[in-house]
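Engineer: Provided below for reference: sequence and predicted model.
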Amino acid sequence: MQFKALIALSLAAVAVAVPSGGGGSPPTPIPASQCNTGPIQCCNSLQTAGAPAVSALFALLGIVVQDVNVPVGVTCSPISVIGLPGNSCSAQAVCCENNTFNGVVAIGCTPVNLNL
């Protein structure tokens, strides 16, 4: 199990380093107050489920998604309270529908504008 976790984290690092390259424009950011699916996440990158590095990570974790265009946050951590010192996000703040993968990935993400 530890080996599987090590491989998952290694692939997450690769997923962050590999550009998504997918066409289309990113989703429009929403205000933080409109996120009602759980805590806002700070992810190192936001890619589509069909991106090669994300697909490899999903295969390793046994995750199946129906839509390869669904936005996926990679290497995420929750931002508990907006506006408090130490709770900023220097990467991509997102609101995700499925945050149940211990921060390795978060599925169904929409960018969040923390200033709204």
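Structural biologist: Perfect, thanks for sending it.

Engineer: residue contacts, N44?
Structural biologist: 16, 74-76, 91-92 (Cβ atoms under 8 Å, 6 or more residues apart in numbering). Backbone N, C-alpha and C define where each C-beta goes, glycine included.

Engineer: Oops, could you answer that again for A49 instead?
Structural biologist: So A49 contacts 55, 58, 65, 67-72, 107 (Cβ under 8 Å, 6+ apart).

Engineer: Now, of the residues you listed, which are buried?
Structural biologist: Burial by neighbour count, judged by 16 or more other Cβ atoms under 10 Å, picks out 55, 58, 65, 70-72, 107 from those.

Engineer: of those residues, closest to T28?
Structural biologist: Of all these, T28 sits closest to P71, with 11.7 Å by Cβ to Cβ.

Engineer: if we can go back for a sec, let's see if you can find the most crowded of the contacts of N44.
Structural biologist: Among the contacts of N44, C76 has the most neighbours (other Cβ atoms under 10 Å), with 30 neighbours.

Engineer: Within the sheet, what are the partner strands of the helix or strand hosting that one, with directions?
Structural biologist: Element membership for C76, per DSSP states H and E: strand 71-79. Strand pairing for strand 71-79, determined by DSSP bridges: strand 40-48 (antiparallel), strand 105-113 (antiparallel).

Engineer: I figured P29 hits C109, correct?
Structural biologist: No - the pair P29 / C109 is not scored as a contact, 11.0 Å apart, by Cβ atoms under 8 Å.

Engineer: just to revisit the earlier point, what's next to the strand holding C76, contact-wise?
Structural biologist: 12-13, 15-16, 26-27, 38-49, 51, 53-54, 57, 87-89, 92-94, 96, 99, 103-110, 114.
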